[in-house]
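**Q** Test case, fold it:
(chains A and B)
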Amino acid sequence: MTAVRFLGGKGGVGKTTLAAAFALRQAGEGHRTLVVSTDPAHSLGDALRTSLSGEPRQVAPGLHAAEISGEEQARRRIAEVAEDARHAVPAEIMPAVRRHLARAADSPGTVESALLDRLTELVEQVGTRWDRLVVDSAPTGHMVRLLSLPTLLTPWIEGLARQREQARGVDRLVAGMLGDRREESDPLLERLHARRARLERMRERLRTDALVHLVLVPERLPLAETLRAADTLTEAGLRLGTVVVNRVVPGTETGVLASRRAEQQQILAEVDARFAHGGVLHVPLLPGLLTGVEELAELGGTLEL
Amino acid sequence: MSLTSRLAAAWRRLERGHDQLFVARWRQGVRREARRQQDTLRALVLLESLGVDNPVAYETLEAIPYLVADVHAWHRRMGQESFGDAGVCC
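**A** Numbering: from 1, shown residues only, chains lettered A, B, ... in the order given. Next up, the predicted model:
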C-alpha cells in the first residue's frame, strides 16, 4: 500500500472532492490520514464544509486536513533566516541582508519551492505522525512542476556546493603557503549540503513511496492534458496509479445525456487504451455536488485506488 | 666574515630572488583564482540584485546573510566604510 497519493488533473475535474472522499475512506479503514490541498485557489475546506489553515486540523475521526501555501511558507522561512542571521553576522549589515532576502522572496519560483518545502515537511511526517498522506494537487501543469522540482533543483545546488568547495580548496592552499593551517567549518557549505540532501530524500521518497492518480472528465481537452501529464510525470521518475475518470454518464440515461454518453464512450476507449495496465476507475455522474464528511465518505467507499 | 656566514647570506639572497621571481607570482595567481571562484559564487547567489532570475533563490536563502557578510568584510578590507551601492551592502 503506497502511503503518499497525489490527485492531479485539469481544473474543475473534481480532484478536491475525490481527494477528500479517498482520504475519508483511508481514515475509515483505520489509517491516520492527512489530506492537504496545494492549489493556490483552495477549495478543500469548502468540500469538507469547514475552514482550514496551513496547520493540520482534525476534521473527522482519524482524518486531518490542511491547506498549505507557498507564500506563507516563504514568509516564515525568511523570518527564520533573518532571525538566525542576527546572531551570525555584524549588525550593520542586517538591513542589506533583509533587502536581499526580500528580493529572493520575490524571485519567480520561490513560491513553488516554498510549497515543495512545506510538502516535504509533511511527507517527512509520514510513518510517524501519519500513515497516509493524500494530496489534492493544483492543476496539472503546476503539479508536474512541483513534483519534478527536486530533480530540477538538485543539480543547481550541487553546482553551487562544488563552486564553494573549489573556492575553499584554493583558499586552503593559500593559507597553507602562509603557514596558516586553521581548519574552519564552513556554515554556507554545510547549509548547501543540507538543502541538497533534503531535496534528494524528497525525490527518492516521491519515486518509491508515492503514486500519482490523474483525474479527468471524459472530454477531449482534459484527455489531451492527462496524456501529456502522464508522459512528463513518467519521465520525471514518478509512478502513475489508477486513473480516475469522473462524471461518466451511466448507460441507463436517455435524451441529452444519452448523446453525451456516446461522446464519452470514445474518450473512455482512448483512456482505456493508454492506461489499461495501471488501471482505470470510472466514477458515475451524480445528480448533485457532494460536500461534507458524510456524503464524501459514501463516495469514498467506491474509490478503490 | 666567515665562509659559512657568507655562504648563508648568499643563500638567503638567492632564496629571496627565487621568491620574487617565481613564488610571489604563483601565489598571486592562486589568490586571484580564489577570489574569482568566490566572486562567481556570490554572483550566483545574489543574482536577484543584478535583476537576473535565480531558480534556486528559495533554496539558497540561508546563504544570503553569509554572502552579504563576505561582501561587507571585503569592502572594509579595501578601506571603504560603505560599499557605494547601498542596495548591495551598507
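**Q** what sits up against the helix-or-strand element of chain B with minimal mean pLDDT?
**A** Scoring the helices and strands of chain B by mean pLDDT, DSSP states H and E places helix B:24-45 at the bottom, with a mean of 72. Residues outside helix B:24-45 that contact it (Cβ atoms under 8 Å, 6 or more residues apart in numbering or on different chains) are A:160, A:163-164, A:166-167, A:170-171, A:173-174, A:177, B:50, B:54, B:60, B:63-64, B:67, B:70-71. C-betas here are computed from N, CA, C, even on glycine.
**Q** State the next helix or strand along the chain beyond it.
**A** helix B:64-77 (DSSP states H and E).
**Q** What separation do you get for the spatially closest residue to residue A:144 that is not a sequence neighbour and chain B?
**A** Excluding its sequence neighbours, the residue lying closest to residue A:144 (Cβ to Cβ, 6 or more residues apart in numbering or on different chains) is residue A:232, at 4.9 Å. In this view, residue A:232 and chain B are 18 Å apart by Cβ to the nearest Cβ, to the nearest Å.
**Q** Residue A:232 against residue A:147, yeah?
**A** No: counting by Cβ atoms under 8 Å, residue A:232 stays clear of residue A:147, with 9.0 Å between them.
**Q** And the two? Which one has more around it.
**A** Legend: neighbour count by other Cβ atoms under 10 Å in any protein chain shown for residue A:232 and residue A:147, higher for residue A:147 (25 against 17).
**Q** and the gap between that one and chain B?
**A** Distance from residue A:147 to chain B, by Cβ to the nearest Cβ: 16 Å.
**Q** And the pLDDT for that residue?
**A** Per-residue confidence (pLDDT) for residue A:147: 82.
**Q** State the number of residues packed around the nearest residue to residue A:50 once chain neighbours are set aside.
**A** Leaving aside its chain neighbours, residue A:50 sits nearest to residue A:59 (5.7 Å; criterion: Cβ to Cβ, 6+ apart). Residues lying near residue A:59 (other Cβ under 10 Å) number 22.
**Q** Checking my notes, residue A:59 in a strand, right?
**A** Yes: according to DSSP: H, G, I helix; E, B strand; the rest coil, residue A:59 belongs to a strand.
**Q** mind checking how far it is from residue A:24?
**A** Residue A:59 is 9 Å from residue A:24, where distance means Cβ to Cβ, to the nearest Å.
**Q** same question, residue B:68
**A** Between residue B:68 and residue A:24 the computed distance is 49 Å (Cβ to Cβ).
**Q** Can you tell me the element the residue nearest to residue A:144 falls in?
**A** helix A:220-235.
**Q** Report the set of residues contacting both of residue A:59 and residue A:24.
**A** In contact with both residue A:59 and residue A:24: residue A:293, using Cβ under 8 Å, 6+ apart.
**Q** could you pull out the strands for the stretch 201-305 of chain A?
**A** Along the stretch 201-305 of chain A, the segments classed as strands by DSSP state E, counting those that start in this stretch run A:210-216, A:239-240, A:243-248, A:280-284.
**Q** tell me the angle of the longest one relative to strand A:243-248?
**A** By that I understand strand A:210-216. Relative orientation of strand A:210-216 and strand A:243-248, computed by axes from the mean of the first three to the mean of the last three Cα atoms, to 10 degrees: 30 degrees.
**Q** so what does strand A:210-216 touch, helix or strand wise?
**A** strand A:4-8, helix A:140-177, helix A:220-235, strand A:239-240, strand A:243-248 (3 or more Cβ pairs under 8 Å, 6 or more residues apart in numbering or on different chains; DSSP states H and E).
**Q** Write out the residues of chain B neighbouring chain A.
**A** B:27, B:30-31, B:33-34, B:37-38, B:40-41, B:44-46, B:48-49, B:53-69, B:72, B:87-90 (Cβ under 8 Å from any Cβ of the partner chain).
**Q** pLDDT weak spots in the chain?
**A** Since you didn't name a chain, this refers to chain A. Applying pLDDT under 70 to chain A flags the ranges A:177-184.
**Q** please go with chain B instead
**A** Scanning chain B for pLDDT under 70 picks out the ranges B:1, B:37, B:41, B:44-49, B:84, B:86.
**Q** One more pass at 90, please.
**A** Along chain B, segments meeting pLDDT under 90 span B:1-57, B:59-90.
**Q** didn't residue A:112 look like it was pressed against residue A:73?
**A** No: with contact defined as Cβ under 8 Å, residue A:112 does not count as touching residue A:73 (10.5 Å).
**Q** Give me the more crowded residue out of these two.
**A** residue A:73 (22 against 19).
**Q** can you confirm that one is in a strand?
**A** No: Residue A:73 is assigned helix when assessed by three-state DSSP, not a strand.
**Q** Residue A:118 is in contact with that one, correct?
**A** Yes: with contact defined as Cβ under 8 Å, residue A:73 counts as touching residue A:118 (4.3 Å).
**Q** need the contact list for the closest residue to chain B within the stretch 201-305 of chain A.
**A** Taking Cβ to the nearest Cβ as the measure, the stretch 201-305 of chain A has residue A:202 as its residue closest to chain B, at 11.8 Å. For residue A:202, the contact set (Cβ under 8 Å, 6+ apart) comprises A:116, A:120, A:123, A:150.
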